[in-house]
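Novice: task: produce atomic coordinates for the following.
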Amino acid sequence: MKKTKPETVGKQTQRIDSDINVKVFDHWIDNLDSSSRESFHAFAEDTFSPIQVYLYAHFLGYDSSIICVDDWLKVNYPKPDHHKVLIYEIEQMQEDVRKLRADVETGLVKRDAGVARIASMQKELRGTIAQVDEFVSSKDRKGLLLAGADRAIRELASVFKDDPIEGPLQEAGMAVWAKIQFDD
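Specialist: So this is what the prediction gives:
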C-alpha cells in the first residue's frame, strides 16, 4: 500500500467534513420553530464569538459539536477577526518604534524630538496592548458566564421535566438567557 502525504488527504477530508458540518447544522436550524430560528439567526449575526453562538444553540437543544457551529458561522456569518487586527497593529507599532530608535542613533532625527516621539509611541503601544487584553478577557468572561447560565438552566429543566412548571420555567430561562446575553 502506497502512503500518501497526510497534508493532501487532510485538506480534502477537512473540506468535505466542513461541508457536511454546515449541512448538519443547517438541518438542525431548519427543525427549530420559526421564532427560535429567527432569534438564533439574529443572535449569530450580531455575535462575534462562535463559543457564544454554540452556547445559544446548545440552550436551544443542539447536542452536537462546536465544530459544526463554527463551520456554519464561517459560511453564513463570516466575522472580522478584531483580535488579529489588534495584534497586527501592535507588531507595526513595535516596528515603527524600532525604526525611529535607529533613526535617532544614526542622527537622522534629533535626539530630543526622537526620544519624545518614542515615548509617545510607546504610550500608544501600551494602550493598544491593554485594548487587546480587555477584548480577550471580556470575551472569555462572557463565554464563561453564558456557559454557567446554560448549565444552570438545563439542570433546572431536567429537574422539572414533565412537571406543569416546565413550560413557564423554559420561558423564564429564555428571559434570563436574553438578559445575561445583552448585559455588558
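
Novice: residue 69 is in contact with residue 22, correct?
Specialist: No: between residue 22 and residue 69 there is no contact under C-beta atoms under 8 Å: 9.9 Å. Quick note: C-beta positions are derived from backbone N, CA and C, even for glycine.

Novice: mind checking which of these two has more residues around it?
Specialist: residue 69 (24 against 18; other C-beta atoms under 10 Å).

Novice: element containing the more buried one, please.
Specialist: Per DSSP states H and E: residue 69 is located in helix 66-76.

Novice: in that helix, what's buried?
Specialist: Across helix 66-76, burial judged by 16 or more other C-beta atoms under 10 Å covers 68-73.

Novice: tell me the buried residues in stretch 43-56?
Specialist: 43-44, 47, 50-56.

Novice: now swap in stretch 123-133 and tell me
Specialist: Within stretch 123-133, the residues scored as buried using 16+ other C-beta under 10 Å are 125, 132.

Novice: looking at the protein, which helix or strand does the model trust least?
Specialist: Lowest on mean pLDDT, DSSP states H and E among the helices and strands of the chain sits helix 6-30, with a mean of 69.

Novice: would you mind measuring from residue 37 to residue 77?
Specialist: In this view, residue 37 and residue 77 are 14 Å apart by C-beta to C-beta, to the nearest Å.

Novice: actually residue 46, not the one I typed
Specialist: From residue 46 over to residue 77 the distance is 9 Å, taken as C-beta to C-beta.

Novice: what do you get for residue 170?
Specialist: With C-beta to C-beta as the criterion, residue 170 and residue 77 are 26 Å apart.

Novice: kindly report the same for residue 174.
Specialist: 21 Å.

Novice: now residue 133
Specialist: Distance from residue 133 to residue 77, by C-beta to C-beta: 26 Å.

Novice: residue 147 now?
Specialist: Applying C-beta to C-beta, the value for residue 147 to residue 77 is 21 Å.

Novice: repeat that for residue 59.
Specialist: Separation of residue 59 from residue 77 (C-beta to C-beta): 18 Å.

Novice: please apply the same query to residue 113.
Specialist: Distance, residue 113 to residue 77, using C-beta to C-beta: 47 Å.

Novice: with neighbour numbers in mind, choose between the two.
Specialist: More neighbours surround residue 77 than the other of residue 113 and residue 77, with 16 against 11 (other C-beta under 10 Å).

Novice: wait, doesn't the more buried one sit right on residue 42?
Specialist: No: applying C-beta under 8 Å, one finds residue 77 not in contact with residue 42, separated by 10.4 Å.
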